[in-house]
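A.B. asks: everything below, folded, please.
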Amino acid sequence: SIKSAKNLSVTSSSLQLAEGEIILDADGISVLKHIGISAWPGRLTLSSHALYFETFRIGGYDKPVKYDLSTDLKQVVKPE
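C.D. replies: Here you go, the predicted structure:
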């Protein structure tokens, strides 16, 4: 729950939070985002409003991609 949110600091200065949005969890380990046959390493940050994915590049991270949790993204999960 939001009441039990961790007091976290995000090292990325590119992560712009909305007013009242708080960080719930930041994944320090590398995760993979699969697009077609490609897999992109990066990191996840969960906030009270969205899930952010930042692709790792040499020298840092790309601008975060925001997945708004308050809207229907019409995501399709295909069985393997």
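A.B. asks: check the burial of Thr45 by counting its neighbours.
C.D. replies: Here the neighbour count serves as a burial measure; for Thr45 (other C-beta atoms under 10 Å) it reads 21. In short, each C-beta sits where N, CA and C put it, glycine included.
A.B. asks: and it, what are its bridge partners?
C.D. replies: Ala26, Tyr52 (DSSP bridges).
A.B. asks: how much space separates it from Ile37?
C.D. replies: As defined by C-beta to C-beta, to the nearest Å, Thr45 lies at a distance of 26 Å from Ile37.
A.B. asks: over to Lys66?
C.D. replies: Distance from Lys66 to Ile37, by C-beta to C-beta: 24 Å.
A.B. asks: who's more crowded, the two?
C.D. replies: More crowded of Lys66 and Ile37, by other C-beta under 10 Å: Lys66, with 16 against 5.
A.B. asks: can you pull up the bridge partners for that one?
C.D. replies: With DSSP bridges as the criterion, the beta-bridge partners of Lys66 are Tyr52.
A.B. asks: my guess is it meets Tyr52, correct?
C.D. replies: Yes. Checked against C-beta atoms under 8 Å, the pair Lys66 and Tyr52 is within contact range at 5.6 Å.
A.B. asks: mind listing what the helix or strand bottoming out on mean pLDDT in the chain pairs with, with the direction of each?
C.D. replies: With mean pLDDT, DSSP states H and E as the measure, the helix or strand of the chain carrying the lowest mean pLDDT is strand 60-61 (a mean of 80). Sheet partners assigned to strand 60-61 using DSSP bridges are listed as strand 50-57 (antiparallel).
A.B. asks: thanks a lot, catch you later.
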